[in-house]
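A.B. asks: Sharing a model prediction with you, sequence too.
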Amino acid sequence: MTHVTKTMNSKLLKSLIHRSLSTTVPQIRIYEVGPRDGLQNESKFVPTEIKIELINKLAAAGIKDIESASFVSPKWVKQMSDGVDVMKNVPRVPGVNYPVLVPNLKGYETAKQCNVEEVAIFPAGSEGFSQKNLNCSVEEGLKRFKLVADQAVKDGLRVRGYVSCVVGCPYDGPIHPKTIAKITEQLFEMGCYEVSLGDTIGVGTAGSVRRLMREVLTVAKPEQLALHFHDTYGQALSNLLAGLEFDVKTVDSSISGLGGCPYARGASGNLATEDLVYFLYGLGLNTHIDLVKLIEAGRYISNYLGKPTESKVNRAIGDRLKNHNDIAKMASCDV
Ligand SMILES: CC(C)(COP(=O)([O-])OP(=O)([O-])OC[C@H]1O[C@@H](n2cnc3c(N)ncnc32)[C@H](O)[C@@H]1OP(=O)([O-])[O-])[C@@H](O)C(=O)NCCC(=O)NCCSC(=O)C[C@@](C)(O)CC(=O)[O-]
């Protein structure tokens, strides 16, 4: 790379970071799932203090919704078995929401003991995945989640719903959008304030996402929906653009592109939060996220896991920051 190109890239980067710090109106809400969806698939146990430090770094970067743990059966997902320690010890930053995933009333009771303000329930969009992930049919799963939602609403907690396998299932193949719309509607009837549409195995394309959105928007308003794309086939950003065309305002992502579900064969990581923030600034959509601190959080966890980041933005900017050798200086640079 020539000196001129290097300088231009560095100017571009500074202006991008400056914009990320200076604009004021949040237009897109980022719901970070790295500490939960991101780490649940890691085979080597990640110590509680590393999980807590990751959550702290995400909060310091300006993320306001951080799904921090799941209270599922430790026999099913051992990686999440320290959820209570995470939730009892993570310093709660005012204004930051620390939701947890719960599969049943048992998990809900644990969540309540940890003083969470929001729980997430997660029926599957397909029979095959429901059996593998929850050990029950879709209908039985919905019944269990209704018990959780009823109790949470009674206790004054917010309830978020996920529908997984919204486009395709690793066991049943393509899923009809009408099926997903029906489950989405049931989640709203249970009292969910928002439903996140999960392309669990990342098989969606802009075309299938558009078809899904048209159907789901017959039962929901765009501001009640979130988009949750895994990037298995490299389609997450184009799928997101297709979803944003329908005016959805909340996007799930995972720091460093970590993620996957142990019960969804072939599922890879989520859309990386660093890539999402870069992409949204490119569209002129403010997120209030400090990209430099976010990159630092991504490097922290990928260094710990001993693997390269899945975030292309982190990789691209990271190399240049090595040259500048001072992340903090870079973040405060003006143009
Ligand atoms: C639903 C169950 C529990 C059914 O599992 P089961 O084996 O049918 O349940 P069970 O009631 O027979 O319980 C088995 C054992 O687990 C215990 N147990 C039971 N529940 C709990 C709990 N809450 N907390 C702690 N322990 C629990 C229970 O006490 C018992 O212990 P034992 O008596 O044998 O010693 C199980 O299938 C499960 O935990 N599944 C969760 C799997 C999971 O976490 N998958 C990943 C998250 S989903 C996802 O990633 C997709 C999403 C949301 O991100 C969207 C997307 O990406 O698209």
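C.D. replies: All right, it came through fine.

A.B. asks: can you pull the contacts of whichever residue of the stretch 101-250 of the chain sits closest to the ligand?
C.D. replies: At 2.2 Å from the ligand, Gly198 is the closest residue in the stretch 101-250 of the chain, using CB to the nearest ligand atom. In short, each C-beta sits where N, CA and C put it, glycine included. When contacts are counted by CB atoms under 8 Å, 6 or more residues apart in numbering, Gly198 touches Phe122, Tyr162, Val163, Ser164, Cys165, Val166, His228, His230, Asp252.

A.B. asks: again, but for Ser302
C.D. replies: Ser302 touches Ser256, Leu258, Pro308, Thr309, Asn314, counting by CB under 8 Å, 6+ apart.

A.B. asks: ok, so of the residues you listed, who is nearest the ligand?
C.D. replies: Closest to the ligand out of the contacts of Ser302 is Leu258 (11.9 Å), distances taken as CB to the nearest ligand atom.

A.B. asks: could the contacts of Ser302 be laid out in TSV, adding distance to the ligand, pLDDT and neighbour count?
C.D. replies: Converted to TSV, these look like this (distance: CB to the nearest ligand atom, whole Å; pLDDT from 0 to 100; neighbours: other CB atoms under 10 Å):
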residue	distance to the ligand	pLDDT	neighbour count
Ser256	16	97	30
Leu258	12	97	29
Pro308	22	93	12
Thr309	19	95	23
Asn314	21	92	28
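
A.B. asks: quick one on the thing from earlier: show the overlap between the contacts of Gly198 and what lies near the ligand.
C.D. replies: Restricting these to those near the ligand by CB under 6 Å from any ligand atom leaves Phe122, Tyr162, Ser164, His228.

A.B. asks: Next step: those residues restricted to strands.
C.D. replies: Tyr162, His228 (DSSP state E).

A.B. asks: Can I get the ones next to the ligand among the contacts of Gly198 in TSV including pLDDT and distance to Leu283?
C.D. replies: As requested, the ones next to the ligand among the contacts of Gly198 are exported to TSV (pLDDT from 0 to 100; distance: CB to CB, whole Å):
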residue	pLDDT	distance to Leu283
Phe122	98	29
Tyr162	98	25
Ser164	98	27
His228	98	19
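
A.B. asks: Near the ligand, which residues of this structure? Just list them.
C.D. replies: So far as CB under 6 Å from any ligand atom goes, the chain lies against the ligand at 37, 40, 70-77, 103-104, 106-107, 122, 133-135, 162, 164, 198, 200, 228, 261, 263.

A.B. asks: Make a PyMOL selection of the buried ones in those.
C.D. replies: Buried residues among the residues of the chain next to the ligand (16 or more other CB atoms under 10 Å), as a PyMOL selection:
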select buried, resi 37+40+70+71+72+76+77+103+104+107+122+133+134+162+164+198+200+228+261+263
